[in-house]
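Trainee: Here is the input, now give the coordinates:
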Amino acid sequence: MASNKSLEYKDFSNEDLKNELANKENEYKQLRFDHAVTGLENPLSLRALRRDIARLNTEIRSREMAEMSDEELAGRSKIRFRRKKGK
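Mentor: Residues are numbered from 1 along each chain as shown. Next comes the predicted model:
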């Protein structure tokens, strides 16, 4: 299920995504601190912010994977296979 936020992140440039991620992480740290000290009016905002951070990380990683060469992707598949084999 794609959310509207993930769709609007696709329009961002790579630099904008990284800046947005840094801003969201700082905001999350501040909210966590505020919640520990005084409590938040809506503590579910922490969950929403964590999910936004995850969406940003996912978009950044998918762009990195799209830019990888075939050799790099083949090497990645071998690494993933070895990890599964060890379990």
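Trainee: quick one: Ser13 from Ala74, how far?
Mentor: 28 Å (CB to CB, to the nearest Å). Every C-beta, even on glycine, is put in place using the N, C-alpha and C of the backbone.
Trainee: those helices in this structure, which residues are they?
Mentor: Under the criterion DSSP state H, helices of the chain are mapped to 4-9, 14-37, 44-67, 70-86.
Trainee: Let's have these in TSV, adding mean neighbour count and mean pLDDT.
Mentor: Below are these laid out as TSV (neighbours: other CB atoms under 10 Å; pLDDT from 0 to 100):
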stretch	mean neighbour count	mean pLDDT
helix 4-9	12	74
helix 14-37	13	95
helix 44-67	14	93
helix 70-86	9	78
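Trainee: Can you pull up the most central residue in this structure?
Mentor: In the chain, the centroid-proximal residue (CA atoms, centre = their mean) is Asn57; its distance is 2.1 Å.
Trainee: Please look at that one and Leu21 and confirm they touch.
Mentor: Yes - with contact defined as CB atoms under 8 Å, Asn57 counts as touching Leu21 (6.9 Å).
Trainee: sorry, back to before: now do the same contact list for the residue nearest to the centre of the chain.
Mentor: Applying CB atoms under 8 Å, 6 or more residues apart in numbering to Asn57 gives the contacts Leu21.
Trainee: Just want the phi and psi numbers for the residue of the chain most remote from its centre.
Mentor: The outermost residue of the chain relative to its centre, with distances by CA atoms, centre = their mean, is Thr38 at 27.6 Å. Per-residue torsions, Thr38: phi -120, psi -20 (degrees, to the nearest 10).
Trainee: Relative to Leu21, how far out is it?
Mentor: 26 Å.
Trainee: Equivalent analysis for Arg61, please.
Mentor: 11 Å.
Trainee: Ok, Glu8 next?
Mentor: For Glu8 relative to Leu21 (CB to CB), the value is 14 Å.
Trainee: now do Leu7
Mentor: 17 Å.
Trainee: now swap in Leu56 and tell me
Mentor: Taking CB to CB, one finds Leu56 at 4 Å from Leu21.
Trainee: Next: Lys84.
Mentor: From Lys84 over to Leu21 (counting by CB to CB), the distance is 29 Å.
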